[in-house]
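# Sequence and predicted structure are below.
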Amino acid sequence: MKSLKHYFKKAYKEKFAIGQFNFSDWSQVKGILAAAQNLKAPIILGTSEGESKYVGLAEAVAMRDVLRKKTGLPIFLNLDHGKSFEYLKEAILAGYDMVHFDGSKLPLEENIKISKEVVKFAHWRGVVVEGEVGKIGTDASRTYTEKFEIKEEDLTKPQEVVEYLKQAKVDVLAVSVGTFHGMDVTGVSPDIRLEKLKEITAVANIPLVLHGGSGTPEESLKQSIALGISKININTETRLAFANTLKAELEKNEITPYKYMVEPIKAVQAVIEGKIKQFGSEGKA
Ligand code: 13P
């Protein structure tokens with residue numbers, strides 16, 4: 001199987017985005033996997049620190065290995081939003097393909113310092129590193145009933161990208177260009193700042209990552225990919241489809257998991273297939 005680096009190069013050159021789909025439960029993985037198999041797409045399975053603590057780092061790696069072997073698909077694992085070098089080290093040693101160091105809340109110098117340590121440790125083991133400059137909006141609830149306000153000062157500053165990349169040799173970079181984690185249940189869409197993204201791509205010659213992909217209109221996603229976004233992260237939309245369908249199934253008083261999970265898995269598959277098509281990664285495995 002070709003490496004994750006190979007797929008990032010391919011995505012960057014051919015202008016498509018690899019989907020990172022987060023999970024914390026095996027049934028979600030079944031839905032994600034069915035979509036990837038159906039559309040022959042490379043995928044990254046993402047776990048945040050919280051998700052990975054629930055699943056288990058070693059368990060996630062073992063599952064990835066089995067699924068790769070069974071399907072022959074390029075399936076990779078990323079530790080999403082790792083806040084400490086210590087935890088990222090654990091994920092690397094467990095066998096993750098990629099780690100995301102989120103130092104966005106730290107002063108730039110501190111973010112650079114830790115990113116450099118992560119890169120040194122990861123690259124030595126052939127693990128891909130995602131850095132982050134700029135703050136991506138988020139809160140715990142992840143579903144907002146009012147328009148999520150993006151603060152101008154949280155958007156990625158191109159000058160900081162120059163400074164960061166000069167020192168921290170990450171492989172891919174997460175940027176804040178208007179999306180936020182979670183989605184607005186009133187249907188108000190995140191507003192991607194394409195001009196800002198253009199300014200960033202002018203100074204960053206590496207694949208960029210868009211977080212907070214849920215709820216983002218297809219046209220904005222396509223324009224972002226054309227400008228150099230090579231990975232898009234999706235979590236909330238999958239969670240909503242999964243949880244809402246599961247609630248409806250449980251209402252029917254079915255108590256057998258492999259029966260009441262059929263529809264939630266299908267709901268996840270439908271969301272992921274839609275995303276893979278929008279990202280242009282269909283047939284890129
Ligand atoms: P959403 O929950 O908005 O899809 O964001 C996911 C994400 O960016 C994970 O890092």
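Nice, I can see it. Here the structure is a predicted model, which is why all the values come from computation and not from measurement. Residues are numbered from 1 along each chain as shown.
# where exactly do the strands run in the stretch 1-150 of the chain?
Here the stretch 1-150 of the chain has its strands, by DSSP state E, counting those that start in this stretch, at 18-22, 43-48, 75-82, 98-101, 128-133, 143-144.
# Throw those strands into JSON lines and include mean pLDDT and mean neighbour count, thanks.
Bear in mind the C-beta positions are built from the backbone N, C-alpha and C, glycine included. Formatted as JSON lines, the strands of the stretch 1-150 of the chain follow (pLDDT from 0 to 100; neighbours: other CB atoms under 10 Å):
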{"stretch": "strand 18-22", "mean pLDDT": "98", "mean neighbour count": "25"}
{"stretch": "strand 43-48", "mean pLDDT": "98", "mean neighbour count": "24"}
{"stretch": "strand 75-82", "mean pLDDT": "98", "mean neighbour count": "26"}
{"stretch": "strand 98-101", "mean pLDDT": "98", "mean neighbour count": "26"}
{"stretch": "strand 128-133", "mean pLDDT": "98", "mean neighbour count": "26"}
{"stretch": "strand 143-144", "mean pLDDT": "66", "mean neighbour count": "16"}
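# To the ligand, which of those strands lies closest?
Closest to the ligand of the strands of the stretch 1-150 of the chain is strand 75-82 (CB to the nearest ligand atom; 4.6 Å).
# what angle do that closest one and strand 43-48 make?
On the basis of axes from the mean of the first three to the mean of the last three CA atoms, to 10 degrees, strand 75-82 is oriented at 30 degrees to strand 43-48.
# tell me what strand 75-82 is packed against?
Helices and strands touching strand 75-82, by 3 or more CB pairs under 8 Å, 6 or more residues apart in numbering; DSSP states H and E, are strand 18-22, strand 43-48, helix 49-55, helix 57-71, helix 85-94, strand 98-101.
# In JSON lines, list those along with distance to Gly31.
Converted to JSON lines, those look like this (distance: least, CB to CB, whole Å):
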{"stretch": "strand 18-22", "distance to Gly31": "9"}
{"stretch": "strand 43-48", "distance to Gly31": "12"}
{"stretch": "helix 49-55", "distance to Gly31": "15"}
{"stretch": "helix 57-71", "distance to Gly31": "13"}
{"stretch": "helix 85-94", "distance to Gly31": "23"}
{"stretch": "strand 98-101", "distance to Gly31": "21"}
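# so which of those comes closest to Lys5?
When the helices and strands packed on strand 75-82 are compared by CB to CB, strand 98-101 sits nearest Lys5, at 9.6 Å.
# Tell me the spacing between Gln269 and Gln37.
Gln269 sits 10 Å away from Gln37, going by CB to CB, to the nearest Å.
# which residues does the nearest residue to Asp97 once chain neighbours are set aside contact?
Computed as CB to CB, 6 or more residues apart in numbering, the closest residue to Asp97 that is not its neighbour in sequence is Phe76, at 4.1 Å. Residues in contact with Phe76 (CB atoms under 8 Å, 6 or more residues apart in numbering) are 4, 7, 42-45, 64, 97-98.
# Repeat the analysis, applying 6 Å as the threshold.
4, 44, 97 (CB atoms under 6 Å, 6 or more residues apart in numbering).
# Poorly predicted segments of the stretch 1-150 of the chain, please.
For the stretch 1-150 of the chain, the stretches flagged by pLDDT under 70 are 139-147.
# Show me which residues of it are close to the ligand?
Neighbours of the ligand within the stretch 1-150 of the chain, by CB under 6 Å from any ligand atom: 22, 80-81.
# Could I get the contacts of Phe76 in CSV, plus columns for distance to Pro190?
Formatted as CSV, the contacts of Phe76 follow (distance: CB to CB, whole Å):
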residue, distance to Pro190
Leu4, 27
Ile44, 21
Asp97, 28
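# Going by distance to Thr138, which of the residues you listed wins?
For the contacts of Phe76, the closest approach to Thr138 (CB to CB) belongs to Ile44, at 19.4 Å.
# Which one, of the helices and strands packed on strand 75-82, ends up nearest to Leu197?
Leu197 lies closest to strand 18-22 among the helices and strands packed on strand 75-82, at 17.6 Å (CB to CB).
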